[in-house]
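Trainee: prediction below, plus the sequence it came from.
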Amino acid sequence: MSRKRDVPVAPAADTKVRLLVGLLILAFGGIAFVAVRWHAAASRAARLESQVQASISPSRLDSPSVLPGISPELDAWLNASDETLQNADVLELNLLVAKGLPECKDINITDCKEKLDRWADQVRTLLAQDPQGFENEREKWKTRRRFELAVMGSVLKDDHGVCYVEKIDHGNPDHKFAIGIFKNGTGTCSSLPVIWTALGQRLGYPIRLAVAPEHLYCIYDDGTEKINIEATGSSHLGIRDEAAIEKECPPALVKNGTFMRPLSNRELIGIFLGLRAEIWAARKDMEKALSDFQRAHELVPYNTNIASWLADCARMVASKHPVASSGGRSLLQAGDPEDQAYRDYVRAMRAQASRNHGPPAPGGPYGLPGMAVPSRQGPGPYGPQVSYPRPGERP
């Protein structure tokens, strides 16, 4: 006959102790796991920070090679005096900026300039062959200068088939820069006014480019006669009267020089850099777009279109940066464009392209729009700056 074995029963107090010990072990294990993860994230953030610092080290900032997209020729113009730069060929400046794009790097600027020289010779020949041409069409053109500009337009449009492109592709350099006119005979409001201005200047006409909202005009002004030229029209000479300009441009922004003010060549380089940035943006290369928009903003700080593009590009680039998702640190805290982390990143992105040309850009400590008003004249990131009116002032 077998006996039942006695099974000892653990006291209730011992069970509670064991449960408590288990909970403590789990708690310490959780704390240790979190600490390890936090240390790993912090180490990663530190490595990224060191990479940013390395990217703006003095040895790299002092090297001319840290300016992608700026050729030695364009760099020389940017560092020239205003007087020297103002004598530069507008066509050459336009094509030098275009050469920063991969498919435009082999543009033969000399060939393009020589071709435009030949077109200018054609205009001179036509005017010399018909000295009474204006008298025969005085009623139509009103002034001799308008007649001569119409002859210039006839050479472009009738002899060389220059016209507006059928459908704009914002990622195509041929639609943004003058090279498209020499290649295909077509252009847009970004490139056709450049050709008109460069051709007119070869003929000795005081023609300069001016900006309007998302548009470029040519302005002829000899001190006694002023003509606003619409270079994209189908007629030989498109003239935009002041009443039409007032409808298109806010009068206050015309009076203070934001719109319809003849631009200096230094400012034009800024406009051309803005066009190149739009191409990068259309191709979804936002870091290159940000770099070019920042340089453009340095040169034309009152161009609201460029300033808006700059802010948008900076937000998009910063939001995709690795630091934004490491260690819980966001570069766009609550989407605030003046957040210090956001500005630090924009500063790092721009350092390589701006430091060896001088101090940070106008507009604030990191050149972001809307943070401050730049000085009107004096040394700037690309040499001496021309005087331009502050908002609210008359030019």
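Mentor: Everything's here; your move.

Trainee: and the strands in the stretch 201-350 of the chain?
Mentor: 207-212, 215-221, 226-229 (DSSP state E, counting those that start in this stretch).

Trainee: which residues sit against the first one?
Mentor: Pointing back at strand 207-212 there. Defining contact as CB atoms under 8 Å, 6 or more residues apart in numbering, one finds that strand 207-212 is touched by 90, 193-194, 196-197, 200-201, 216-221, 229, 245, 248-249, 259-263, 268, 271, 303. C-betas here are computed from N, CA, C, even on glycine.

Trainee: indicate which one of the strands of the stretch 201-350 of the chain is closest to Cys112.
Mentor: For those, proximity to Cys112 was assessed by CB to CB; strand 207-212 is nearest, at 17.5 Å.

Trainee: still on that earlier bit, now a ChimeraX select for only the buried ones of the contacts of strand 207-212.
Mentor: Provided next is the ChimeraX selection string for whichever of those are buried by 16 or more other CB atoms under 10 Å:
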select :90,193,194,196,197,200,201,216,217,218,219,220,229,245,249,259,260,261,262,263,268,271,303
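
Trainee: quick one: which of the contacts of strand 207-212 sit in helices?
Mentor: Secondary structure of the contacts of strand 207-212 is defined by DSSP state H; positions in helices are 90, 193-194, 196-197, 200-201, 245, 248, 268, 271.

Trainee: need the strands of the stretch 201-350 of the chain in a markdown table (columns: distance to His236).
Mentor: Formatted as a markdown table, these follow (distance: least, CB to CB, whole Å):
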| stretch | distance to His236 |
| --- | --- |
| strand 207-212 | 15 |
| strand 215-221 | 14 |
| strand 226-229 | 11 |
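
Trainee: right, and the ones you listed - which one's nearest Asn184?
Mentor: Distances from Asn184 to each of the strands of the stretch 201-350 of the chain were compared using CB to CB; the shortest belongs to strand 215-221, at 19.1 Å.

Trainee: tell me where the model's unsure across the chain.
Mentor: Applying pLDDT under 70 to the chain flags the ranges 1-13, 38, 40-68, 319-395.

Trainee: domains for it, by residue range?
Mentor: 86-255, 286-385 (automatic domain parsing).

Trainee: what's the first-to-last distance across stretch 235-242?
Mentor: Using CA to CA, to the nearest Å, the gap from the first to the last residue of stretch 235-242 comes to 19 Å.

Trainee: if you count neighbours, what's buried in that stretch?
Mentor: Of all the residues in stretch 235-242, those buried under the rule 16+ other CB under 10 Å are 236-240.

Trainee: next one: stretch 107-117
Mentor: By neighbour count, and taking 16+ other CB under 10 Å as the criterion, the buried residues in stretch 107-117 are 107, 109, 112, 116.

Trainee: nearest to Lys176 among those residues?
Mentor: Of all the buried residues of stretch 107-117, the one sitting nearest Lys176 is Ile107; the distance, using CB to CB, is 13.2 Å.

Trainee: would you confirm that the closest one contacts Val97?
Mentor: No. The pair Ile107 / Val97 is not scored as a contact, 10.6 Å apart, by CB atoms under 8 Å.

Trainee: what's the closest non-adjacent residue to Trp259?
Mentor: For the record, residue 259 is Phe, not Trp. Leaving aside its sequence neighbours, Phe259 sits nearest to Cys249 (CB to CB, 6 or more residues apart in numbering; 4.2 Å).

Trainee: same check on Lys115?
Mentor: Taking CB to CB, 6+ apart, and ignoring the residues beside it in sequence, Lys115 has Phe182 as its nearest neighbour in space, at 6.2 Å.
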